[in-house]
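[1] Sequence and predicted structure below; questions after.
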Amino acid sequence: MNCPLCETPMIVLELDQVEVDHCRKCGGVWLDPEEMDLLLEGSAGRDEIRAHLKWGEASEEKTRRCPICRHKMEKARVRRKAENAGIQIDRCERGHGTWLDGGELQGIIALSEFPEAHRIHQFLQAVFRDTIREPRA
């Protein structure tokens with residue numbers, strides 16, 4: 001599968017039942033349906049994030065296209081509280097998955113408050129240590 005941002009072929013990284021398609025060029029990540037929930041499993045902020053996740057938000061960010069069906073994706077903000085700016089992500093309206101620009105997955109993990117020893121936290125730190133970027137607000 002090619003990256004929806006820079007069209008570079010992505011690599012697949014796997015931990016247990018979670019597969020992450022990762023673009024080594026721009027640092028973006030594609031998650032298949034339900035993988036966001038699997039990644040947030042065991043985090044302190046999972047329910048709060050779900051409660052404040054609103055799809056279809058207006059945005060000045062360029063629209064991304066789904067790497068599977070090529071249709072435009074819709075925007076949402078991942079946040080812990082309604083007043084927080086949060087992290088903007090993209091989702092295929094046809095249900096193929098979710099796109100996170102470089103740094104956004106790490107930002108979501110930071111919002112989620114994982115224990116340092118959590119397996120997902122350790123996996124992401126090991127995999128993305130060379131590509132960690134500040135998420136766009």
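    All right, it came through fine. These numbers come from a predicted model, not from an experiment.
[2] Over to stretch 11-30 now: how far is its first residue from its last?
    Taking CA to CA, to the nearest Å as the measure, stretch 11-30 stretches 10 Å from start to finish.
[3] wait, I meant stretch 79-86
    4 Å.
[4] just stretch 6-24 next, same as before
    OK, stretch 6-24 end separation, CA to CA: 10 Å.
[5] Go through that stretch and flag the buried ones.
    Across stretch 6-24, burial judged by 16 or more other CB atoms under 10 Å covers 10, 13, 15, 18, 20-23. Where you see a C-beta, it was placed from the backbone N, CA and C, and this is true even at glycine.
[6] Please compute how far that stretch lies from its chain's middle.
    11 Å (CA atoms, centre = their mean, to the nearest Å).
[7] in the chain, what secondary structure element scores lowest on mean pLDDT?
    Ranked by mean pLDDT, DSSP states H and E, the helix or strand of the chain with the weakest confidence is helix 119-128, at a mean of 64.
[8] And the buried residues of stretch 6-24, which is the shakiest by pLDDT?
    Lowest in pLDDT among the buried residues of stretch 6-24 is Leu15, which has 71.
[9] Work out which residue lies at the spatial centre of this protein.
    Centroid check for the chain by CA atoms, centre = their mean gives Leu100 as the closest residue, at 3.8 Å.
[10] I figured it hits Cys23, correct?
    No. Leu100 is beyond contact range of Cys23, at 10.2 Å (criterion: CB atoms under 8 Å).
[11] Pull up the overlap in contacts between these two.
    Val29 (CB atoms under 8 Å, 6 or more residues apart in numbering).
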